[in-house]
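Trainee: 3D model of this:
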Amino acid sequence: NAAEVGELYQQHTDDTGQVFTPLAVSIAFDLTQGQPWLVNALAKEIVEEMVTDTDVAITPEHIHSAAEVLIKRQDTHLDSLAEKLQTNRVRAIIEPMLAGQTLGDTPSDDRQYLIDLGLLRRRDPAGGLIIANPIYREVIPRALAQGTADSLPHISPSWLTQSGELDTEALLEAL
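Mentor: Presented below is the predicted three-dimensional model:
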């Protein structure tokens, strides 16, 4: 829970003097929903790679930047989640959820499996299922779309310069 995330990050502060601002701790919890691997991976990325100076406080910006690094890098934990997304029992539940559609007739064991994996959680005791946390909401669609994205040809628009700037003359010629 949020208090445990704060306690964990406080251990780092106690050991090093480096502070996680209260808002940074809150955002870390919001992004991870307390998923232990993600909570630790965020902190590790920040204190070992991004902000090694212990005199510098950890801010919400650091948390967001570290989350994006984890998403793009797809470390082992996130990579293994992506692998599970390829199974039919997982896809049958995740794909309709991402598309905003009603779940088909999926076995309750399969839904519970996704809860047990930590991919989904209940919105509330009486509510439906949602993706477990915002980081997974980023990773899951990217993982599912990766095969399609990999098969698309590389597009090099003639109206962009080498540095990615708009070349208006070339754009007008292309029209």
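
Trainee: Could you measure from Arg111 over to Gly164?
Mentor: 44 Å (Cβ to Cβ, to the nearest Å). Yep, even glycine has a C-beta here, placed from its N, CA and C like the rest.

Trainee: tell me the strands in the protein, going along the chain?
Mentor: In the chain, the strands defined using DSSP state E lie at 120-122, 129-131.

Trainee: Can you name the residues in contact with the first one?
Mentor: Applying Cβ atoms under 8 Å, 6 or more residues apart in numbering, the contact partners of strand 120-122 are Gln33, Ile93, Arg111, Leu114, Ile115, Gly128, Leu129, Ile130, Ile131, Ala132.

Trainee: any chance of these in CSV, with pLDDT, distance to Val139 and neighbour count too?
Mentor: CSV is the format used below for those (pLDDT from 0 to 100; distance: Cβ to Cβ, whole Å; neighbours: other Cβ atoms under 10 Å):
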residue, pLDDT, distance to Val139, neighbour count
Gln33, 94, 13, 20
Ile93, 91, 16, 21
Arg111, 91, 20, 18
Leu114, 91, 14, 21
Ile115, 90, 17, 13
Gly128, 85, 21, 12
Leu129, 89, 17, 17
Ile130, 89, 15, 15
Ile131, 89, 9, 20
Ala132, 90, 11, 22
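
Trainee: and which of those is nearest Pro141?
Mentor: Comparing the contacts of strand 120-122 against Pro141 with Cβ to Cβ places Ile131 closest, at 9.5 Å.

Trainee: what sits against the spatially most central residue of the chain?
Mentor: Central residue of the chain (Cα atoms, centre = their mean): Ile135, 2.3 Å from the mean position. For Ile135, the contacting residues are Leu31, Thr32, Gln35, Leu38, Ala67, Leu70, Ile71, by Cβ under 8 Å, 6+ apart.

Trainee: try it again with 6 Å
Mentor: Leu31, Leu38, Ala67 (Cβ atoms under 6 Å, 6 or more residues apart in numbering).

Trainee: Spell out which residues sit in contact with the second one, please.
Mentor: Just to be clear, that refers to Leu38. Thr32, Ile135.

Trainee: And it, how far from Met50?
Mentor: Computed as Cβ to Cβ, the Leu38 to Met50 distance reads 16 Å.

Trainee: ditto for Ile131
Mentor: Ile131 is 26 Å from Met50, by Cβ to Cβ.

Trainee: same thing with Ser163?
Mentor: Ser163 is 26 Å from Met50, by Cβ to Cβ.

Trainee: These two: which has the busier surroundings?
Mentor: Met50 (15 against 5; other Cβ atoms under 10 Å).
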